[in-house]
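Novice: fold the stuff below for me.
(one chain, ligands or ions: 2)
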Amino acid sequence: MKTIDALLAEGVAGKRVFVRADLNVPLDGTTITDDGRIRAVLPTVKALADAGARVVVASHLGRPKGAPDPAYSLAPAASRLGELLGTAVAFATDTVGESATSTVAGLGDGDVAVIENLRFNAGETAKDPAERGAFADQLAALADAYVGDGFGAVHRAHASTVDLPARLPHYAGYLIATEVGVLKRLTEDVKRPYVVALGGAKVSDKLAVIDQLLGKADRLLIGGGMAYTFLKAKGYEIGTSLLQEDQVPVVAEYLRRAEESCVELVLPVDVLVADGFPDLKTKAPAHPTAVAADAIPADQQGLDIGPESRKLYASKLADAATVFWNGPMGVFEHPDYAEGTKAVAQALIDSPGFTVVGGGDSAAAVRILGFDEQAFGHISTGGGASLEYLEGKTLPGLAALED
Ligand SMILES: Nc1ncnc2c1ncn2[C@@H]1O[C@H](COP(=O)(O)OP(=O)(O)O)[C@@H](O)[C@H]1O
Ligand SMILES: O=C(OP(=O)(O)O)[C@H](O)COP(=O)(O)O
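Specialist: Ligands and ions are numbered 1, 2, ... in the order given. Take a look at the predicted model:
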């Protein structure tokens with residue numbers, strides 16, 4: 001894999017360099033609540049701009065449905081990138097249309113532009129390779145070289161992560177190099193006990209990784225929205241909690257295999273419930289109650305792990321030599337449901353082992369909840385991406401950067 005240093009050595013002055021970043025930041029309206037993913041790509045963007053490249057930064061944000069949707073605009077991320085760089089950053093209001101073409105044509109050496117959300121074009125995520133390829137052809141017309149630095153999206157086989165680098169000289173950026181370097185420590189000669197904590201809301205995406213993790217980790221702690229499919233598989237009532245119904249038999253099999261292979265699969269013993277999802281805008285008090293995990297009322301929704309589970313999870317992390325954590329334990333964006341995530345973050349800090357936190361929301365959670373980033377071994381910008389890396393899968397966005 002050639003890195004950005006090779007591109008810089010070849011000389012980039014006057015060249016248009018396409019940087020596929022992951023600027024999928026959490027937003028409250030148009031306010032960015034955590035800019036970690038933007039800061040993470042700065043070394044790459046700065047190095048290219050300082051060397052006189054005309055830098056075209058691109059990313060997805062959220063999951064719009066293949067058409068423009070103002071709620072998912074990258075405009076706030078573009079302005080924040082400009083603030084962090086201390087220079088004006090141009091913003092194209094489309095991906096490959098008139099605005100993108102003229103914005104890129106208007107760049108001088110050392111200038112930076114951001115184009116609009118790649119997922120506003122259906123070609124970005126299309127299953128049909130021809131449709132993806134057609135979009136990639138249009139993106140390729142905007143650049144002379146490609147730098148892959150969106151680590152959080154390298155597990156996606158999308159036009160900008162796979163088809164575009166096939167059309168341009170391609171290089172790995174600094175963030176990808178760092179992320180892969182650190183995650184290698186968790187795959188080669190991992191120190192034990194190795195504990196993996198999983199939570200969050202992308203349940204369908206992330207349940208599959210448990211299949212592999214059962215053969216790799218010594219202990220699996222399950223929280224967040226992920227936990228309720230497990231509780232359901234145990235035969236418990238889970239009320240209106242997040243459920244991946246079609247995966248219940250698969251999860252039941254995970255429970256059986258864990259027992260057989262002596263992997264500790266730890267589920268919440270109690271949870272915080274309420275009669276609905278909290279208002280994240282007003283943060284109005286949600287008045288949750290703590291109930292035993294096997295006593296969730298039918299009309300209630302589980303939104304965080306409970307106080308007994310906090311203690312249990314902390315104790316299961318206390319002797320870990322290696323920890324990987326992806327996915328908040330609850331709806332941490334609301335103060336009434338942040339305690340589970342706080343307890344796990346604190347347990348990682350207190351753990352003597354090498355600790356890695358991965359995922360857009362998990363990384364944002366530890367910073368928003370006031371933890372010191374330096375207290376963790378590594379904070380990865382990718383949740384699904386790092387999990388799939390740990391599974392030993394070939395990540396399409398990394399494979400596409402190979403020579
Ligand atoms: N019990 C729950 N029910 C619904 N959503 C939850 C629950 N627990 C956590 N979440 C949500 O999960 C989201 C993060 O999930 P995910 O995207 O999978 O994590 P990451 O970005 O770290 O990989 C947060 O926005 C949080 O509010
Ligand atoms: O936020 C992301 O992943 P993560 O929540 O697993 O960290 C990435 O930006 C990928 O987004 P996607 O899961 O919509 O493809």
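
Novice: hang on, isn't residue 386 packed against residue 380?
Specialist: Yes: here residue 386 reaches residue 380: they are 4.8 Å apart, a contact under C-beta atoms under 8 Å. Where you see a C-beta, it was placed from the backbone N, CA and C, and this is true even at glycine.

Novice: what touches both of the two?
Specialist: 179, 183, 356, 358-359 (C-beta atoms under 8 Å, 6 or more residues apart in numbering).

Novice: keep only the residues you listed that also lie close to ligand 1.
Specialist: Near ligand 1, judged by C-beta under 6 Å from any ligand atom, the entries from those are residue 359.

Novice: looking at the shared contacts of residue 386 and residue 380, spot the one nearest residue 73.
Specialist: Among the shared contacts of residue 386 and residue 380, residue 359 lies closest to residue 73 (C-beta to C-beta), at 22.5 Å.

Novice: contacts only, for the nearest residue to that closest one once chain neighbours are set aside.
Specialist: Residue nearest to residue 359 in three dimensions, not counting chain neighbours: residue 383, with 2.6 Å by C-beta to C-beta, 6 or more residues apart in numbering. Residue 383 makes contacts with 152, 200, 202, 206, 326-327, 358-362, as judged by C-beta under 8 Å, 6+ apart.

Novice: residues near residue 307, how many?
Specialist: 15 (other C-beta atoms under 10 Å).

Novice: ok, it to ligand 1 distance?
Specialist: 16 Å (C-beta to the nearest ligand atom, to the nearest Å).

Novice: ok, now which ones touch that residue?
Specialist: 270, 290, 339.

Novice: how far away is the last one from ligand 2?
Specialist: The span separating residue 339 from ligand 2 equals 21 Å under the rule C-beta to the nearest ligand atom.

Novice: which helices and strands does the strand or helix carrying residue 147 pack with?
Specialist: Assigned by DSSP states H and E, residue 147 falls within strand 145-148. Strand 145-148 is packed against helix 4-10, strand 16-20, strand 170-172, with contacts defined by 3 or more C-beta pairs under 8 Å, 6 or more residues apart in numbering; DSSP states H and E.

Novice: mind putting these in a markdown table, mean neighbour count included?
Specialist: Formatted as a markdown table, the helices and strands packed on strand 145-148 follow (neighbours: other C-beta atoms under 10 Å):
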| stretch | mean neighbour count |
| --- | --- |
| helix 4-10 | 16 |
| strand 16-20 | 26 |
| strand 170-172 | 25 |
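
Novice: quick one, phi/psi of residue 205?
Specialist: Residue 205 adopts backbone torsions of phi -60, psi -40, taken as degrees, to the nearest 10.

Novice: same deal with residue 213?
Specialist: In terms of degrees, to the nearest 10, the main-chain angles of residue 213 are phi -60, psi -30.

Novice: the closest residue to it other than its chain neighbours and residue 297: what is the separation?
Specialist: By the measure of C-beta to C-beta, 6+ apart, the closest residue to residue 213 outside its immediate chain neighbours is residue 196, 5.5 Å from it. Residue 196 sits 30 Å away from residue 297, going by C-beta to C-beta, to the nearest Å.

Novice: these two: which is more packed in?
Specialist: Set side by side, residue 196 and residue 297 show more neighbours around residue 196, with 26 against 13, by other C-beta under 10 Å.

Novice: which strand residues bridge that one?
Specialist: Here residue 196 sits in beta bridges with residue 220, residue 324, as judged by DSSP bridges.

Novice: so which bits of the stretch 301-403 of the chain are right by ligand 2?
Specialist: Remark: the part of the stretch 301-403 of the chain in contact with ligand 2 comprises 359-361, 382-384, using C-beta under 6 Å from any ligand atom.

Novice: which of the helices and strands in the chain ranks last by mean pLDDT?
Specialist: helix 203-207 (a mean of 90; mean pLDDT, DSSP states H and E).

Novice: so which bits of that helix are buried?
Specialist: By 16 or more other C-beta atoms under 10 Å, the buried positions in helix 203-207 come out as 203, 206-207.

Novice: which stretches of the stretch 301-403 of the chain form strands?
Specialist: Read by DSSP state E, counting those that start in this stretch, the stretch 301-403 of the chain holds these strands, from start to end of the chain: 301-305, 322-326, 354-358, 378-380.

Novice: ok, the closest residue to ligand 2 within the stretch 51-200 of the chain - contacts?
Specialist: Nearest to ligand 2, among the residues of the stretch 51-200 of the chain, is residue 152, at 3.8 Å (C-beta to the nearest ligand atom). Each residue near residue 152 by C-beta under 8 Å, 6+ apart is listed here: 22, 24, 37, 360, 381-385.

Novice: tally of neighbours for residue 67?
Specialist: 9.

Novice: you'd agree it is in a strand?
Specialist: No: using DSSP: H, G, I helix; E, B strand; the rest coil, the assignment for residue 67 is coil, not a strand.

Novice: now do the residue nearest to it when sequence neighbours are not counted against ligand 1, distance only.
Specialist: Nearest residue to residue 67 in three dimensions, chain neighbours excluded: residue 120, at 6.3 Å (C-beta to C-beta, 6+ apart). Going from residue 120 to ligand 1 by C-beta to the nearest ligand atom gives 20 Å.

Novice: what about residue 120, how many residues nearby?
Specialist: Residues near residue 120, counting by other C-beta under 10 Å, number 24.

Novice: any idea how far it is from residue 61?
Specialist: 9 Å.

Novice: who wins for neighbours among the contacts of residue 383?
Specialist: Most neighbours among these, by other C-beta under 10 Å: residue 326, with 30 neighbours.

Novice: quick check on the closest residue to ligand 2 within the chain: phi, psi?
Specialist: Checking the chain residue by residue against ligand 2 with C-beta to the nearest ligand atom singles out residue 383 as nearest, at 2.8 Å. Backbone torsions of residue 383, given as degrees, to the nearest 10, read phi -90, psi -70.
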